[in-house]
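Asks: Could you look at this predicted model? Sequence included:
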Amino acid sequence: MVDQEALDMEDGLTRYCVSNLTCEISQIGVQRFVQAWNSHNILGKGIPNLLARDGCKSRISEQLLPRASEAAELYRQEMGNSLTTPSAFGIDPFQSEEDKIRAETEFNSLYCDLRNVFNYTVNEHYRYYQDCVTGYGVLG
């Protein structure tokens, strides 16, 4: 859409809408992956969902786990600098939380099932995603 000049990714509202929508649609794929992973058989171990059915047999104290920043640094030391540092991408275009809720409600009434948008997008049919991006931007 950027190549066809249908989107201006320099515009904060556009970046916000693209980012927010992409995160929502990506979450559908992540959830599906986790569900599929937890339902598959791990050779010699079993199926994660069945293994977890009875709960965790031992608990780990939070004090034994590193904080997120420490874990990230340990990962960088072990794997190299392949983590992406979070940064701001676009600005929240809404003047108030009420405006945001109104726009999201209106968007959800137009595009009630983002699972279909995900399905089309991963199968390289981008029109539905493009329509959502355009619709989201108009509501913002």
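Replies: Right, received. Where do you want to start?

Asks: from here on, contacts and neighbour counts on C-alpha atoms
Replies: Will do.

Asks: Just the strands from the protein, written as ranges.
Replies: Under the criterion DSSP state E, the chain carries no strands.

Asks: quick one: furthest residue from the center of it?
Replies: For the chain, the residue at maximal distance from the C-alpha centroid (Cα atoms, centre = their mean) is Gly44, at 32.0 Å.

Asks: Now do the phi/psi pair for it.
Replies: phi 80, psi -10 (degrees, to the nearest 10).

Asks: Identify the residue nearest the geometric centre of this structure.
Replies: By Cα atoms, centre = their mean, the chain has its centre lying nearest to Cys23, at 3.3 Å.

Asks: And that residue, how close does it get to Val30?
Replies: Separation of Cys23 from Val30 (Cα to Cα, to the nearest Å) stands at 10 Å.

Asks: same thing with Leu64?
Replies: From Leu64 to Val30 the distance is 28 Å (Cα to Cα).
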